[in-house]
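> This is the structure alone, sequence omitted:
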């Protein structure tokens, strides 16, 4: 058995739906237990992740970076850093914003850097950008909202919800991307735990 | 009069078209002289930029970063860094890749960091992400290839050409974005030069 | 006359001292008015920066990124972004942490990206890394705490205070770096303002 | 048995010494085979890494990014990306420059992003910044060149050689940091391989 925790902040519900999809994907893997916490809940009970084998962090991209609520949580979690308490846990990240790019990449790399400070091991999407998997190779409009990894993000799922509200957004492709990512992180977590000496 | 240089690398012609659009935009501004060089040409004549008031750098995003050809040019241009020869010139950046995001942002921020090492002054797009300027606010498919700043990049134009070849790609919106950016950089360059003591 | 605003967050007083040094450097420039606000004060009076010609942002690097308090302020300042109210203002950044590097660079690039979203114009240190300006070229210990730009940061002053408390920290070199940076930003701001049509 | 490959570019010998130290550290782990290639050699024989369980990439930081030689290699290695041939290999990174910071962090994060595109799993230093492990907590001069993780890098070893030539540089601490990192990556690689279903 391995335990995967999903810790998220969501302002308007988009990232919450994405977090639930990541959790769902992880749960589909045998021998995986999943727990899901908002950053507010997680910050009040930081010891609960001591026995997690993986932690996947997600938040909206606000003004080009992680949300302040996620950052506040990361500062609470610094209490674990002082003892390298999260060392060697598997880490992952996801984010949502209202445009295709919108500097979302800085949110993912900032979460990755934070995970590196904790001594965690980082897992990305391992997915091709969408067009490489479709037939629509001559189309300047790009992949549809049903495509896996529509925006071509390597560090973690990056959803594009524009001004559409949940539950319509994030779209089917972004939700499927989050599920596949949860599954991937869970499988790698299991493999890594099984290999322990 | 102020002089704007555009220095680009292009593997398959997409970024060349983008570079030409940036140059065209700059040329539309009165009292602006524009020169445009490939990185190969520029690397052989690095002193030619000594009297440029602005340099805008562009290259494709290959495997998540500036192209090797652009990087090689940046190392040739290190000869200017040793004397801070490009200090206080205006700088800008643009890039093209085959997906919406595809880690293009790392190319732009890497060019920006390089410009900072030279002591240059950095100018971005100052454009809203596309949907904020359109009526299509309920559309999960996002802005079309005709939209200005389709992907929502702040550091510089970021074109998404998918598998479409020039001259069809980059699309009309990406070309217009590059033109508007060239114009913006030229105007700021003029203002900055006029203000010299 | 031009107006430079310094907006900072400081947890233990190090970044406050750095902010005051940046402000001092700017004030030394003729025809420059300087205002200095903590993020808490600034967040309550966000319109006060409408007439600023430059805003320099500073905060500690906590867990590899801007502090949550700075990020919270950046989200309050999103109200200006909606109307591009800070467009074409000059921007700068500075940070302090307890090690030489400590992922401080992500704080500076994250502030820079935020400034790009606002359409601001970014100014870095334009300083060589310290050893290039000293005679101690054979010394693996690196420049002392009295050196200008000791760590070799291009995007903005990056102070290294280790576990030393204010007023001893940041050290003389980091304080002088902050002053020189304030002066540089002020001069560029004046030049840019003078050049207005 | 697991196989760890070290692929490096070195301009003046500093990063070669660092690469050898990473390799030495990995070799100290039982059941680990290590191969070490320059980027020039590796680019001519890219299939040789097909059976590697881990690849650790290292290069100098030149003008704020990976060296052009490393970037050229990354573009050759794109041939593996097209088939996700390096997916689920363990990845790591290291770099050397002539100052404490010097924008080295962008080299490490750029290698990390490249590894993410390949679907690799990323491992950092998991080391505290030096001062947290020493008694010299009141010293603004910072840790000496004998300290482990002197600069406080989380993503990978970041050596500071200033203008000192090999074999004196990188210093003892930077070499020990590289060895410890090689050991860490090797141990994680073994654990991950043992856990394969």
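Perfect, thanks for sending it. Computed from a prediction, not measured in an experiment: that's the story for all the values here. Numbering: from 1, shown residues only, chains lettered A, B, ... in the order given.
> Now do the phi/psi pair for the residue lying closest to residue A:67 once chain neighbours are set aside.
Of all residues not flanking residue A:67 in the chain, residue A:59 sits nearest, at 4.6 Å (CB to CB, 6 or more residues apart in numbering or on different chains). From N, CA and C alone the C-beta is placed, and that goes for glycine too. Main-chain torsions, residue A:59, degrees, to the nearest 10: phi -160, psi 160.
> Run a quick neighbour tally on residue A:59.
A total of 30 residues lie near residue A:59 under the criterion other CB atoms under 10 Å in any protein chain shown.
> which ones are touching it?
Applying CB atoms under 8 Å, 6 or more residues apart in numbering or on different chains to residue A:59 gives the contacts A:8-10, A:15, A:39, A:66-67, A:69-70, A:95, A:107, A:111.
> got the contact list for residue A:113?
Taking CB under 8 Å, 6+ apart, one finds C:64-65, C:103, C:106, D:109, D:154-155 in contact with residue A:113.
> What are the boundaries of the strands in chain A?
A:2-8, A:32-38, A:54-62, A:65-66, A:90-97, A:121-123, A:158-160 (DSSP state E).
> would TSV of the contacts of residue A:59 with neighbour count be doable?
Output for the contacts of residue A:59, formatted as TSV (neighbours: other CB atoms under 10 Å in any protein chain shown):
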residue	neighbour count
A:8	30
A:9	24
A:10	22
A:15	28
A:39	23
A:66	30
A:67	26
A:69	23
A:70	30
A:95	32
A:107	31
A:111	27
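> how about the residues of chain A near chain C?
A:62-68, A:71-72, A:74-75, A:77-78, A:81, A:103, A:106, A:109-110, A:113-114, A:116-117 (CB under 8 Å from any CB of the partner chain).
> If any of the residues you listed are buried, put those into a ChimeraX selection.
To isolate the buried subset of the residues of chain A next to chain C in ChimeraX, counting by 16 or more other CB atoms under 10 Å in any protein chain shown, use the following:
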select /A:62,63,64,65,66,67,68,71,72,74,75,77,81,103,106,109,110,113,114,116,117
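> in the top helix by length along chain A, what's buried?
Taking DSSP state H as the criterion, chain A has its longest helix at helix A:172-194. Under the neighbour-count criterion of 16+ other CB under 10 Å, helix A:172-194 has A:173-193 buried.
> for stretch A:79-95, same thing?
Neighbour count says stretch A:79-95 has A:80-81, A:85-86, A:88-95 buried, by 16+ other CB under 10 Å.
> Among those residues, which one lies nearest to residue B:166?
For these, the residue nearest residue B:166 by CB to CB is residue A:95; the value is 32.1 Å.
> Quick check, pLDDT for the closest residue to that closest one other than its chain neighbours.
Leaving aside its sequence neighbours, residue A:95 sits nearest to residue A:107 (CB to CB, 6+ apart; 4.4 Å). Note for residue A:107: predicted pLDDT of 98.
> Distance check, residue A:107 against residue A:157.
Applying CB to CB, to the nearest Å, the value for residue A:107 to residue A:157 is 11 Å.
> list residues touching both of those two?
Common contact partners of residue A:107 and residue A:157 (CB under 8 Å, 6+ apart): residue A:95.
> Close to chain B: what parts of chain A are there?
Near chain B, when you scan chain A using CB under 8 Å from any CB, you find A:64, A:97-106, A:109, A:129-131, A:137-142, A:144-145, A:150-155, A:158, A:160-164, A:168-169, A:171.
> picking up where we left off before, and the longest helix of chain A with chain D, contact?
Yes. Judged by CB under 8 Å from any CB, helix A:172-194 comes into contact with chain D at A:188, A:190-194.
> Could you pull up the residues touching residue A:190?
A:2, A:29, A:31-32, D:195.
> tell me which of the residues you listed is nearest to chain C?
For these, the minimum distance to chain C (CB to the nearest CB) is 25.3 Å, reached by residue A:2.
> burial count for the closest one?
Residue A:2, neighbours per other CB under 10 Å, totals 22.
> so it touches residue A:191, yeah?
No. In this structure residue A:2 lies outside contact range of residue A:191 using CB atoms under 8 Å: 9.1 Å.
> Identify the spatial nearest neighbour of the residue lying farthest from the centre of chain A, chain neighbours not counted.
Most distant from the centre of chain A: residue A:138, at 30.8 Å, with distances by CA atoms, centre = their mean. Spatial nearest neighbour of residue A:138, chain neighbours left out: residue B:164 (5.9 Å); criterion: CB to CB, 6+ apart.
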